[in-house]
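Novice: Whatever this is, show me its structure:
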Amino acid sequence: MFKEFRNFAMSGNVVDLAIGVIIGAAFGAIVSSLVNDIIMPIIGFASGGMDFSSFVYTLAPARLGPDGAEIAAVTINYGKFINYVLTFVIIAFALFSVVKGMNQMRKAETAAPDAPPELSGEEKLLTEIRDLIRAKM
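Specialist: Next up, the predicted model:
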């Protein structure tokens, strides 16, 4: 059983998948940083200094419980949701671009070869003469 598992784990598909997951996680972190640290501050600055990640809708404010402990406010964090949606859109567009590029490369590989260039008048005449000579032999 251990030998079968080792063969499975070392097969090309599993290793390729593991590499893809690791690179995908790193790419996700880069895009999250791009959105949170570069794009959203620019959008916030352009819109008058708004910080989208702090946009919340408070359902219940923070309060003290019967034992004196603070009970945190109940909020809907729609600003963070906007950041995540923007992150998703950027990742989806990047993946779309990669897949589209791969599809174009595949089409270029499988495309029919170009037709040979059309013969000039002299070449056509010489071809006819050659064919007539071959026919007489």
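Novice: and the residue nearest to the spatial centre of the chain, what pLDDT?
Specialist: With distances taken as CA atoms, centre = their mean, L95 lies nearest the centre of the chain, 1.4 Å away. Note on L95: pLDDT of 80.
Novice: In the strand or helix carrying S32, which residues are buried?
Specialist: For S32, the host element (DSSP states H and E) is helix 12-33. Neighbour-count burial for helix 12-33, with 16 or more other CB atoms under 10 Å as criterion, is recorded at 31-32. Any C-beta I mention is one placed from the backbone N, CA and C, and that applies to glycine too.
Novice: same question, stretch 64-79
Specialist: G79.
Novice: Run through who's touching that stretch.
Specialist: By CB atoms under 8 Å, 6 or more residues apart in numbering, the residues outside stretch 64-79 that reach it are 51-63.
Novice: Look at D67 and give its secondary structure.
Specialist: The local conformation at D67, judged by DSSP: H, G, I helix; E, B strand; the rest coil, is coil.
Novice: Show the pLDDT at it.
Specialist: With respect to pLDDT, D67 scores 89.
Novice: Phi, psi for it please.
Specialist: Note on D67: backbone dihedrals following degrees, to the nearest 10 are phi -90, psi 10.
Novice: cool, and the one 3 residues further on?
Specialist: E70 adopts backbone torsions of phi -80, psi 130, taken as degrees, to the nearest 10.
Novice: And for V35, the neighbour number?
Specialist: 23 (other CB atoms under 10 Å).
Novice: And for the one 5 residues further on?
Specialist: Residues lying near M40 (other CB under 10 Å) number 20.
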